[in-house]
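Engineer: need the 3D shape of this:
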Amino acid sequence: MALTTRPYYRSTYVFVTRAAERLDIQSLDDPRLRQRKVGVHTIGDDFSNMPPAHALSQRGHYR
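Structural biologist: Down below sits the predicted model:
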């Protein structure tokens, strides 16, 4: 048996694009991401990457 605690840490991530493109992407589920290259900081090949890398991979955006 285990008890859970209330969340004590939250983090946010942002999309950074050229202003001229006016993409206004609000979600990792946005279909326009499939036609784009998305840069994400990765740590190594031991699958201990940052949450955005995992989220993009789960959605098929990681190559």
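Engineer: any regions of this protein where pLDDT drops low?
Structural biologist: Along the chain, the model assigns pLDDT under 70 to residues 44-47, 62-63.
Engineer: can you pull up the most central residue in it?
Structural biologist: The centre of the chain sits closest to Pro52, judged by C-alpha atoms, centre = their mean, with a distance of 2.5 Å.
Engineer: what sits against it?
Structural biologist: Residues near Pro52 by C-beta atoms under 8 Å, 6 or more residues apart in numbering: Tyr13, Leu28, Val40. In short, each C-beta sits where N, CA and C put it, glycine included.
Engineer: do that again at 6 Å, thanks
Structural biologist: For Pro52, the contact set (C-beta atoms under 6 Å, 6 or more residues apart in numbering) comprises Tyr13, Val40.
Engineer: buried residues in the one helix or strand it maps to?
Structural biologist: Pro52 belongs to helix 51-58 when assigned by DSSP states H and E. For helix 51-58, burial by neighbour count (16 or more other C-beta atoms under 10 Å) applies to Pro52, Ala53, Leu56.
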